[in-house]
Each structure stands twice: as structure tokens, then as C-alpha cells.
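> Using only what follows, build the 3D model:
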Amino acid sequence: MATVNEVHHVSDEALKEAGGATGSPWQPLRQRVFRTLWIATVVSNIGSWMNDVGMNWTMLTLSASPLSVAMIQAASSLPMFLFALPSGVMADIVDRRKYLLFSQLWTFIAAVGLTLLSVAGLVTPAVLLIAAFLMSTGAAMSSPPFQAIVPDLVSKQDLGAAIALNSLGINISRAIGPALGGLILSFAGAWVVFALNAVSVLGVAWVLYRWKTEPAVQRLPAENFFSAVRAGVRYVHAAPVLRNVLVRTVAFFLFGSAGWALLPLVARRELGLGPGGYGIMLASIGLGAIFGAVMLPRLRKHFNPDRLMVLASLMFAATMVALAFVRHFWLLNACEFFTGFSWIAVLSTLNLGAQRSAAKWVKARALAVYLTVFFGSMTVGSALWGQLASHYSIAVSLCVAALGMVLGSITVLRWRLNKDPDLNLEASSDNQAALELDVRLDRGPVMVSYEYFIRPEDARSFTVCMQDMRRVRRRGGAMSWSVYEDILQPGIFVETFLVGSWVEHLRQEERYTMNDRKIERRVQLYHQGEARPVVRYLVAPA
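Sure, this is the predicted structure:
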């Protein structure tokens, strides 16, 4: 089963993207909090993988229906679809450490509850689905803030290495957890696996409890929840590179979910394996993922993100066909090795694309939207392929999914990941004029206008360039945007945009990135009047 921990993966190539080179890839481990949290997270991820094996295998013993087994995957993915965006919003507006502690407590209580029900012999298919949903809800709450706190734990120079180490830890747990879970299942039973998973959560909670963060200094009041949600959605809608990432995410994971949802059925019904054999198959995938994480930096030197993702998608489609027809245990394990390799290549490419296409102020929310689309696709796909396997066969379901993945790769022709390789989303604070005005923060709505004088021969080029400016304003929080030409004074163009209140406009000013300023300067090159366009702030009467 694909776990929510996987989405933290970003390849070593992020080292240059995220913060520059560092002397040693192990340098972040010298930071005590990062080191202890990294170790605790690896242990917790091992427990999560063990728990996945235990839940899948318990469902197989309770129900032979392909749909029931696939629904475990769906129940684990659905919370990310439902709660990732609200969680990303919370991670941007509240104390992330306290929010993470709450999510760990939630997961611990759910894991303990499943353990007690298993000891009492009260586990049913419905209980398993509810437990999977509750534990994944805890993961949905923790995933966006976990990704967002990494810059708080290490220096900027070590950020890329820290992300790479998180990737390594996830793949180590993927290789160890399934095999260990299968071994414990064989000798001790499912309740022991569930109990160990509950205990593994405590390490992360303890490190977070001991971590003393410095209070953040904010000049503006914190956003309220619903306005933060709207700001996040507007940002995604106006960010072309991020939208491309989301389209490619659906095109892969809707079909790739079949490989995870139907793997337990192939292991039990087609190969006649016990929990140990199933754990070995998952460990083979984990080893392939580790190999992929090691090889990705070299592959990225020869393939751009789009080409690498297409090649990895075709490889994953081929492994699904192998899962449909190969019935030799070790030969199938060799194929599953490439499942892990291709899965981590796609995941890292998409995750890195999502990371680099989101500004810092909205990063947790943007990543939460990515997680929502990711797990929404996994949820829908798991239910779909389980239903298809129930009506026809496992092989038919896997082959249809493989064909869909091949066809989905064609999306590269329209939605490219490297659309803007020079994108720079570092914060910019060149324009602070609005911040100096004495206006009550809650006054609004506010209409802001910029007046440009444009030569007739530049009018068409100017209006085309203003479409990029429209996206800048909308990303920052504008509710509406327009540009008009004065018919009585040809050459006078007025850009207007509306924000909800004065404080929202101040936030808009703070959210400008270097890329936004580059677009703004390109627009202002067409202006022939004063040094800067005339700006007006029109505020609704108090």
C-alpha cells in the first residue's frame, strides 16, 4: 500500500534547487533536533509499513473480495483527499509544532484502538476500513506541516541535503518495514504489528514535544481559516507550472493505484503466499525505490523532468503487466524492484515540481493541494480497479490500468513540468508604499488601480504581457482583475484589481516574489509616462 509518508520524498537533485550545495550530504544530521526527528521518523515509517502489511493481510483473511482488499487502499487515501488542504491551511496560520503534536496523538489513539480490538477478536472488514481512515487522517494532518518545518530545522545551505536525507529515510523504512511486518505476522499475529505501530508514533511525538521553537514575528494579523483557503485556491489557479504538476499527477496516480491496490490479491490468491512472502514483495519494491533514489541525480543530468517521468511511467506500466501474468515468485520480485524504481522517480519528479512552483508564504497550502490531488486519484483509482477486478479478473484490471497509464503519458505534450525553468519564487519586498499608509486594517473592499501610458504600436504587446500580470495579482490574493483603455485619451490603460480588505492588500504586497517583480518590470517597460505608473487605492467608505 502506498503510504502518506511517501509524499515527503524529494530527490537529491533538490539540493541545488532548494538552497545550494553543502559540504556533506550528512551535514544536517549534525543539527540535534533534525537528527533526532529524522531517526524517530524512520522508526515511525517502519511501523507504518508494518501496519500496512498487517491491515492488508488481515483483510485478506476476512474477505476474499477484490473490492474489499482494494478499499483498504481507498480508505487510506481518502483522508488525504479530504483533509490535506485544510491541514495545509492550518500549517500556514498556526503553530506548526503544536499542530504536529496533535496529529501524532490522533494517530496514536487510532493505532491503540485497532490493537485493542484485534486482541479482543473484534476486527471486521468495517473496523479495518475505519481504522485505516482514522490513521490516515492523522497522516493527512501531519504531512503538510512536516514538509514545511524542514527549513526551521536546518540552515538554508543544508536544506537540499536535509530533503535528500528525508528521502533516504523513507526508502530505508520501505525496505525494512514490509519484510519485518510479514515476519512478525507469521510468528506473533496482527495485533503485535498494530501495537508496534502505535509505539513507533511516540518517538516522533516526544521529539516534537522537546523541540522549542522561536516565536514567529508577524507585522500583520494571522489570516483566518476560510480566507486562507481561498488564497491558497486562488494561488493554485493562477500558477501555471503548479497546475501542470496537478494534471500530470492525476494522469499517473489514477492508473498507478492499481499496482498497489491489487498487489495483496496477487500475493495471496495467485501466488498462494503467506504474510512473509507478501512482505518480501513489498521489500523488493522498497529496495527498488532506494536504488532509484541513488540513481536519480545521475538520471536527471541526462533527462529533463518531462522525459524522465514519461520513461518511469512506461516502466511502471510494464511492471503492472508483469504483475498481471508473471507467477514465478522471484521473477515477479525482480519486476517489483522496477516498480519501486519507477514509482520513486515519478514521485520525486512531481514533488520537486510542486515544491519549486509554490512561493514560501503559500507552500504548505500548495503542497496540500498536490497531496489532495495525489490521494484523490489514488482513492478513485483503487475503488475503480478493485471493482473491475471483481467483475472480470485481476489480470484484466491491471492490463486496463497499464494501458491507461501509457495513454496518460501523452499529457506531456500539453502540460509540461519544465515550462518555466528560470522560475524564482524567493520573496521580494521592493514596493512597500502601501505599508506606510495609515488605513484601518479591516477597511474594504479595496480597489487598486495602476495607470499606464502606452504607445499605439505597443498596445497589443502590452495587453498580452498584462495577462502575466493578471496571474501575479490573482496569485497574491486579488478577487477580480481587469484592464481598460480610455477611449477619450487613446494610449491610457488602467489596470484594476479588487481585494477583500486593506490587510489583504498588505498581505498581497508582502507575497511578491522575484518572479513577480520580473513580470512587473517587463510590464512597466511599456509605460511612457512618469517613472512609475500612477497608483490609486480606492477604499469602500467606512
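> Assign a three-state SS to residue 537, would you?
strand (DSSP: H, G, I helix; E, B strand; the rest coil).
> mind checking pLDDT for the residue lying closest to it once chain neighbours are set aside?
Nearest non-adjacent residue to residue 537, counting by C-beta to C-beta, 6 or more residues apart in numbering: residue 448, 5.8 Å away. Just so you know, the C-beta spots here come from the backbone N, C-alpha and C atoms, and that holds for glycine as well. On pLDDT, residue 448 comes in at 93.
> give me phi/psi at residue 448?
phi -110, psi 130 (degrees, to the nearest 10).
> for it, what are its contacts?
Counting by C-beta atoms under 8 Å, 6 or more residues apart in numbering, residue 448 touches 496-499, 505, 535-538.
> would you say residue 367 is within a helix?
Yes. Counting by three-state DSSP, residue 367 is found in a helix.
> how far out from the middle of the chain is stretch 458-465?
Per C-alpha atoms, centre = their mean, to the nearest Å, the displacement of stretch 458-465 from the mean C-alpha position of its chain is 36 Å.
> who touches that stretch?
452, 454, 483, 485, 491, 493, 519, 522-523, 526.
> Which residue in the contacts of residue 448 has the weakest pLDDT?
Among the contacts of residue 448, pLDDT bottoms out at residue 505, giving 85.
> Could you count how many residues lie near the nearest residue to residue 58 once chain neighbours are set aside?
In this structure, residue 58 finds its nearest non-sequential neighbour in residue 190, 4.9 Å apart by C-beta to C-beta, 6+ apart. Residues near residue 190, counting by other C-beta atoms under 10 Å, number 24.
> quick one: residue 190 and residue 56 touch, right?
No. Residue 190 is not in contact with residue 56 according to C-beta atoms under 8 Å; the separation is 10.2 Å.
> What separation do you get for the residue nearest to residue 58 and residue 368?
32 Å (C-beta to C-beta, to the nearest Å).
> With residue 38 instead?
For residue 38, the distance to residue 368 - C-beta to C-beta - is 22 Å.
> between these two, who's got more neighbours?
Taking other C-beta under 10 Å, residue 38 and residue 368 do not tie; residue 368 has more neighbours (31 against 20).
> Which residues are in contact with the more buried one?
Applying C-beta under 8 Å, 6+ apart, the residues contacting residue 368 are 84-89, 91, 143-144, 232.
> Name the member of those residues with the most neighbours.
Busiest of the contacts of residue 368 [other C-beta under 10 Å] is residue 144, holding 32 neighbours.
> any idea which helix or strand comes after the helix or strand encompassing that one?
Secondary-structure assignment from DSSP states H and E places residue 144 in helix 125-153. Next in sequence after helix 125-153, counting helices and strands by DSSP H and E, comes helix 159-187.
> now the angle from that following helix to helix 125-153?
If you take axes from the mean of the first three to the mean of the last three C-alpha atoms, to 10 degrees, helix 159-187 sits at 150 degrees to helix 125-153.
> need the next SSE after helix 159-187, C-terminal direction.
That would be, after helix 159-187 and using DSSP H and E, helix 190-210.
> Could you list the buried residues of that next one?
Neighbour-count burial for helix 190-210, counted by 16 or more other C-beta atoms under 10 Å, picks out 190-198, 200-205, 207-208.
> Kindly report the same for stretch 241-260.
241-246, 248-260.
> got the CA coordinates for stretch 284-300 in CSV?
Extracted C-alpha coordinates of stretch 284-300, given in CSV (Å, rounded to 0.1, in the frame of the first residue of the first chain):
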residue,chain,number,x,y,z
SER,A,284,11.6,-5.7,-3.2
ILE,A,285,9.7,-2.5,-4.1
GLY,A,286,11.4,-0.7,-1.3
LEU,A,287,14.9,-1.8,-2.5
GLY,A,288,14.0,-0.6,-6.0
ALA,A,289,13.0,2.7,-4.5
ILE,A,290,16.3,3.0,-2.7
PHE,A,291,18.2,2.2,-5.9
GLY,A,292,16.1,4.8,-7.7
ALA,A,293,16.8,7.5,-5.1
VAL,A,294,20.6,6.8,-5.5
MET,A,295,20.4,6.8,-9.3
LEU,A,296,18.1,9.8,-9.8
PRO,A,297,20.7,12.6,-9.6
ARG,A,298,22.6,10.9,-12.4
LEU,A,299,19.5,10.4,-14.5
ARG,A,300,18.5,14.0,-14.1
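> Quick one: mean pLDDT over that stretch.
Across stretch 284-300, pLDDT averages out at 81.
> and that stretch, how far from the chain's centre?
19 Å.
> circling back: what's the residue nearest to residue 58 in contact with, if anything?
54, 57-58, 118, 123.
> Report the lowest-confidence entry in the residues you listed.
residue 57 (82).
> didn't that residue look like it was pressed against residue 278?
Yes. Between residue 57 and residue 278 there is a contact under C-beta under 8 Å: 6.5 Å.
> between these two, what contacts are shared?
182, 264, 268.
> roughly how far apart are the residue nearest to residue 537 and residue 233?
Applying C-beta to C-beta, the value for residue 448 to residue 233 is 21 Å.
> Also residue 170?
Taking C-beta to C-beta, one finds residue 170 at 29 Å from residue 233.
> who's more crowded, those two?
Of the pair residue 170 and residue 233, residue 170 is the one with more neighbours under other C-beta under 10 Å, namely 26 against 13.
> wait, doesn't the more buried one sit right on residue 45?
Yes. The pair residue 170 and residue 45 qualifies as a contact (C-beta under 8 Å) at a distance of 6.0 Å.
> pLDDT weak spots in the stretch 101-250 of the chain?
Applying pLDDT under 70 to the stretch 101-250 of the chain picks out residues 151, 156-161, 163-164, 167-168, 171, 213-222.
> one more time with 50
Along the stretch 101-250 of the chain, no part satisfies pLDDT under 50.
> angle of the helix ranked longest in the chain against helix 125-153?
Criterion DSSP state H: the longest helix present in the chain is helix 32-62. Angle, helix 32-62 to helix 125-153, by the same axes, to 10 degrees: 170 degrees.
> so what does helix 32-62 touch, helix or strand wise?
For helix 32-62, the packing partners by 3 or more C-beta pairs under 8 Å, 6 or more residues apart in numbering; DSSP states H and E come out as helix 66-93, helix 125-153, helix 159-187, helix 190-210, helix 263-265, helix 275-302.
> That one: which residues count as buried?
So for helix 32-62, counting by 16+ other C-beta under 10 Å, buried means 33-38, 40-60, 62.
> Okay, angle between that helix and helix 66-93 too, please.
Counting by the same axes, to 10 degrees, helix 32-62 points 160 degrees away from the direction of helix 66-93.
> Please compute how far helix 32-62 lies from its chain's middle.
With C-alpha atoms, centre = their mean, you get 19 Å for helix 32-62.
> And for stretch 47-64?
With C-alpha atoms, centre = their mean, you get 25 Å for stretch 47-64.
> per-domain residue ranges of this structure.
4-211+226-413, 433-539 (automatic domain parsing).
> could I get the ones you listed as TSV with distance to residue 423?
As requested, these are exported to TSV (distance: least, C-beta to C-beta, whole Å):
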stretch	distance to residue 423
domain 4-211+226-413	6
domain 433-539	6
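> just the ones you listed: most buried one?
Highest mean neighbour count among the domains of the chain (mean count of other C-beta atoms under 10 Å): domain 4-211+226-413, with a mean of 21.
> which residues in the stretch 251-400 of the chain form helices?
263-265, 275-302, 305-325, 329-356, 363-391, 394-408 (DSSP state H, counting those that start in this stretch).
> what angle sits between the longest one and helix 66-93?
Counting by the same axes, to 10 degrees, helix 363-391 lies at 170 degrees to helix 66-93.
> same deal with the third one?
Counting by the same axes, to 10 degrees, helix 305-325 points 150 degrees away from the direction of helix 66-93.
> Show me what helix 305-325 is packed up against.
On a contact count with 3+ C-beta pairs under 8 Å, 6+ apart, helix 305-325 meets helix 240-261, helix 329-356, helix 394-408.
> what's the angle from that helix to helix 275-302?
160 degrees.
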